[in-house]
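>>> Provided below are the primary sequence and the corresponding predicted coordinates.
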Amino acid sequence: MNRDDEILAVVLALRAGEVVSYGDVADTAGWPGRARLVGRILAETDREVPWWRVVAASGRLVPGAEIEHGRLLRSEGVEVVAGRVRSAPTGRFSPRSQPQP
């Protein structure tokens, strides 16, 4: 499996409502520190992948595609406010994955 396929396999494995960062995908695929590469691959692939389940580490949606991105995430139960993911059922932005005080 080549690098692009490894990264796309991670994205294809994401479940509805699971939101992760580009860096999370890179780490899981075995390409730590390559978050920008993940973004490029998602932008250029012809394969149908759930790209909307991947956001910046800050929760920021894809610039220029915020309306569609937010709509797709909200349809999966993700809370999006002002162009950023605030909470998701699973993944990086899940209340269960946040450190507790």
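It's in.
>>> which residues sit against the lowest-mean-pLDDT helix or strand in the chain?
Least confident helix or strand of the chain, by mean pLDDT, DSSP states H and E, is strand 90-91 with a mean of 94. For strand 90-91, contacts defined as Cβ atoms under 8 Å, 6 or more residues apart in numbering pick out Leu14, Arg15, Gly17, Glu18, Val19, Val20, Asp24, Arg53, Arg96, Ser97. Glycine gets a C-beta too; all of them are placed from N, C-alpha and C.
>>> So which one of those is the model least confident about?
Lowest in pLDDT among those is Ser97, which has 65.
>>> Show me what the most centrally placed residue in the chain is bridged to.
Nearest residue to the geometric centre of the chain (Cα atoms, centre = their mean): Val54, 1.1 Å. Beta-bridge pairing for Val54 (DSSP bridges): Val20.
>>> Quick check, it in contact with Ile41.
No. Using Cβ atoms under 8 Å, Val54 is not in contact with Ile41, being 10.3 Å away.
>>> in stretch 40-47, what counts as buried?
Using 16 or more other Cβ atoms under 10 Å as the burial criterion, the residues of stretch 40-47 that qualify are Ile41, Leu42.
>>> outside of that stretch, which residues touch it?
Asp4, Ile7, Leu8, Val11, Val49, Trp51, Val54.
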